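Enquirer: Fold the following for me, if possible:
(one chain, ligands or ions: 1)
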Amino acid sequence: MAKVEFMPVGRRGTCSEETSLLECARLLDVDLVGLCGGIGVCRRCRVQVVAGAVSEPTEEDQGAFAEGELGQGHRLACMTYPRGDVRVHVPPESLSAPQRTQVEGLEVQVQPDPLARAFEVRMTPPSLGRPVPDDRNLWDALRRDHGLAMGTIDLAVQQVLSTRLRELGFEAGVVVREGEVIAVDAPATRWIGLAVDIGTTKIAVYLVDMQSGAIAASAGLMNPQISYGEDIVSRIHHAGESAENAAKMQALLVDALNGSVASLCAEIGADPAHIVDAVLVANTAVHHLFLRLPVRQLGLVPYVPGIGGAEDFKAREIGLKTAPGAWVHMLPNIAGYVGADHVAMLLATGVSGREGVTLAIDIGTNTEICLNCSGRMKSVSCASGPAFEGAQIRFGMRAAAGAIEHVRLDGERPEIQTIGGGSPVGICGSGLLDAVAQMLQGGVIDATGRMLDHPLVRRRDGVREFILAERPGQEDITLSQKDIRALQAAKTAIRLGIQALVEDAGIKDEDIDRVIIAGAFGTFIDVESAIAIGMLPELPLGRFEQVGNAAGTGARLALVSREKRREALAIAELDGYLELARIPDFNEKFAAATPMGAPVS
Ligand code: FES
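Expert: Presented below is the predicted three-dimensional model:
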């Protein structure tokens, strides 16, 4: 066993010499990025071994670092194994936290009408003259005071009922869900609901006051499954390899949720045992991984979900720490790559009920787009890839402190703005989008995306690179032709998805009355830049609306409103799915959508 110390995070522990530094980091809770799942491709797990011996550099290491860098201990953590005690420096760009997550979304008012309803009861204690069993006594009080018909009592509640009622002097707060008593505690208990949007990259968690429907606390966190691959296909592959892998990935998610819920409850002085209902939304693959459903079919033609319908199950069945009798509701999935999070987004933005033509886009590693053309709704899913998350970009990073998020090219050198305002560390998706749009408009690249000769373009090892930020004493932050191509592929996928929907509806871009851009990334992009590179249709800016995390809002609505749950089911039924791969002249269309800013024919 080797002692391994990660700096500057200050985590240390022992790992076997058969354990890669990436795996070791995971075991020690160091949030080291492992976008490709540890196969040496993404080059995002860069570390520097500052003391001790490690395995020889692999081919992947040699591809990622210059000779001199290798000599200084720079390595890919996933390719490196300790050979004795080591100290490892993890640079900020290789850490997945802290980072900007997105929990703010639309404020949609809805009259609370939850499935789990709270009642106060005052029961007559049993006596020799009235030796009524406690369950009957409780139902008698619920019928007498609230007109409820007798139902069932969750077994976990039964197991504490007699003791608790006596502690409370037979006065209690009771939560009933569809005829089942799911929680009993003191009168005036503040019962809470839990709404969660589990994204491929980020998770938004909300505690909701069940009485008022208001958010009591919220937090954003990273999806810990990222260490098994940034893209969902890597994760499907990993989970599909063994039941053990699938169990591990599910446990990671559940632990992360329990941890977040515990800290949010502490923040508002609440008890997780008072969480009586939960609504979770996710894309289809994450939904399946969370429920430990088979995922292999999601990666195979025709990419169908194992479960498409809405799900209801006890929170304890998957290890969520809530009230023992609490239920979890998961909204329905539409297709293999259009999941419950898309349904939640449509629910929150009211797309199905809008007049005219509305386009709703949730941009992410996978981008889902819905077009409602006068009541006819269709959705597509586009593999936009992880470029927006900074992956596959040489200086790419997530939207964390130090990431370049906006770029302007007015004068001699680019003006950059970083998250947090400090020195630049790398570039995140919105910065990349801006930079490429500015490069296009400034004549640094042409409409095909090719980098041209320009005062800000230099050659290194014969390869052109655009200097984005000079960093004396450190490597300059640059963009290469490959980086531009990665962004171009992402924008093309989205543009093609929009185009497919528009053509299918028999309309033109200019017929679109409103474009709703949802999701964390979509919140921070510059719409003009997205139009400039041809990712979004060229429409007046007034038609675009950036709404933040709408999927999280949809989950909250379904949590507090039975009507909204029904509406979500109707949306999933109504929404037709358009499979891009079935478009006959797909390749020609892809080629036509590729140029930067050019109209798609
Ligand atoms: S290269 Fe190490 S995780 Fe991708």
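Enquirer: any idea which helix or strand of the chain has the worst average confidence?
Expert: Within the chain, no helix or strand scores below helix 586-593, which has a mean of 77 by mean pLDDT, DSSP states H and E.
Enquirer: That one: how far from the chain's middle?
Expert: In terms of C-alpha atoms, centre = their mean, to the nearest Å, the centre of helix 586-593 is set 29 Å apart from its chain centre.
Enquirer: State the number of residues packed around the closest residue to Val254 other than its chain neighbours.
Expert: Once flanking residues are discounted, Val254 sits nearest to Gly319: 4.7 Å by C-beta to C-beta, 6 or more residues apart in numbering. C-beta here means a position set from N, CA and C on the backbone, and glycine is covered the same way. Applying other C-beta atoms under 10 Å, we find 13 residues neighbouring Gly319.
Enquirer: for Gly319, what are its contacts?
Expert: Taking C-beta atoms under 8 Å, 6 or more residues apart in numbering, we find Gly319 in contact with 251, 254, 258.
Enquirer: pLDDT score assigned to it?
Expert: With respect to pLDDT, Gly319 has a value of 96.
Enquirer: Sketch out the helices for the stretch 1-150 of the chain, chain order is fine.
Expert: 21-27, 59-64, 67-71, 134-146 (DSSP state H, counting those that start in this stretch).
Enquirer: Return the most buried member of those.
Expert: Highest mean neighbour count of the helices of the stretch 1-150 of the chain: helix 21-27, a mean of 23 (counted as mean count of other C-beta atoms under 10 Å).
Enquirer: Could you pull up the residues touching the residue in the stretch 351-500 of the chain that the ligand sits nearest to?
Expert: Residue of the stretch 351-500 of the chain nearest the ligand, by C-beta to the nearest ligand atom: Ala391 (9.0 Å). Contacts here follow C-beta under 8 Å, 6+ apart; on that basis Ala391 touches 35, 42, 44, 230, 385.
Enquirer: Tell me which stretches of the stretch 351-500 of the chain form strands.
Expert: For the stretch 351-500 of the chain, strands defined by DSSP state E, counting those that start in this stretch occupy the ranges 357-362, 367-373, 376-382, 403-408, 415-418, 426-427, 457-460, 463-469, 477-480.
Enquirer: So which residues on this protein come close to the ligand?
Expert: Taking C-beta under 6 Å from any ligand atom, the part of the chain that reaches the ligand is made up of 22, 34-36, 38, 40-45, 76, 78.
Enquirer: and stretch 399-419, how far apart are its ends?
Expert: 7 Å (C-alpha to C-alpha, to the nearest Å).
Enquirer: in it, what's buried?
Expert: Within stretch 399-419, the residues that count as buried by 16 or more other C-beta atoms under 10 Å are 399-407, 409, 414, 416, 418-419.
Enquirer: can you check stretch 116-131 too?
Expert: 116-119, 121, 123, 126.
Enquirer: if we can go back for a sec, can you tell me which of the contacts of Gly319 are classed as buried?
Expert: Looking at these with 16+ other C-beta under 10 Å, the buried ones turn out to be Val254.
Enquirer: thinking Thr200 is in contact with Asn223, fair?
Expert: Yes - using C-beta atoms under 8 Å, Thr200 is in contact with Asn223, at 6.4 Å.
Enquirer: Common neighbours of those two, please.
Expert: In contact with both Thr200 and Asn223: Val286, using C-beta under 8 Å, 6+ apart.
Enquirer: Which residue, other than its chain neighbours, is closest to Ser162?
Expert: Asp134 (4.9 Å).
Enquirer: show me the contacts for the one you found.
Expert: 126, 161-162, 165 are the contacts of Asp134 under C-beta under 8 Å, 6+ apart.
Enquirer: Same check on Leu142?
Expert: Per C-beta under 8 Å, 6+ apart, neighbours of Leu142: 119, 121, 148, 174, 176.
Enquirer: gap between it and Arg136?
Expert: 11 Å (C-beta to C-beta, to the nearest Å).
Enquirer: Low-confidence stretches in this protein?
Expert: The model of the chain has pLDDT under 70 over residues 8-10, 29, 35, 92-93, 96-107, 598-601.
Enquirer: what number of residues lie near the residue lying closest to Ala489 once chain neighbours are set aside?
Expert: Distances taken as C-beta to C-beta, 6+ apart place Gly385 nearest to Ala489, at 6.4 Å, with adjacent residues excluded. Residues near Gly385, counting by other C-beta under 10 Å, number 20.
Enquirer: hang on, isn't Gly385 packed against Gln488?
Expert: No - counting by C-beta under 8 Å, Gly385 does not reach Gln488; the two are 10.8 Å apart.
Enquirer: With the ligand as the reference, measure out to the most centrally placed residue in the chain.
Expert: By C-alpha atoms, centre = their mean, the mean C-alpha position of the chain lies nearest to Gly199, the distance being 1.9 Å. Remark: distance between Gly199 and the ligand (C-beta to the nearest ligand atom, to the nearest Å) = 20 Å.
Enquirer: show me what contacts that residue?
Expert: So Gly199 contacts 223, 282-283, 286, 341, 364, 519-520, 551 (C-beta under 8 Å, 6+ apart).
Enquirer: for these, which one is nearest the ligand?
Expert: Ranked by distance to the ligand (C-beta to the nearest ligand atom), those are led by Asn223 at 15.6 Å.
Enquirer: Can you get me a residue count around that closest one?
Expert: Neighbours around Asn223, by other C-beta under 10 Å: 23.
Enquirer: Would you state the strands of the stretch 151-300 of the chain in chain order?
Expert: Under DSSP E, counting those that start in this stretch, the stretch 151-300 of the chain gives strands at 152-153, 171-177, 180-185, 192-198, 202-209, 215-222, 275-282.
Enquirer: for the fifth one, packing partners?
Expert: Under the contact criterion of 3 or more C-beta pairs under 8 Å, 6 or more residues apart in numbering; DSSP states H and E, the helices and strands touching strand 202-209 comprise strand 192-198, strand 215-222, helix 243-268, helix 550-560.
Enquirer: Would you mind extracting the C-alpha trace of the last one into CSV?
Expert: Taking Å, rounded to 0.1, in the frame of the first residue of the first chain, the C-alpha atoms of helix 550-560 are listed here in CSV:
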residue,chain,number,x,y,z
ALA,A,550,-36.8,25.1,-15.9
ALA,A,551,-36.5,21.4,-15.3
GLY,A,552,-36.0,22.1,-11.6
THR,A,553,-39.0,24.3,-11.7
GLY,A,554,-41.1,21.6,-13.4
ALA,A,555,-40.1,19.1,-10.7
ARG,A,556,-41.2,21.6,-8.0
LEU,A,557,-44.5,22.2,-9.7
ALA,A,558,-45.2,18.4,-9.9
LEU,A,559,-44.3,18.2,-6.2
VAL,A,560,-46.8,20.6,-5.0
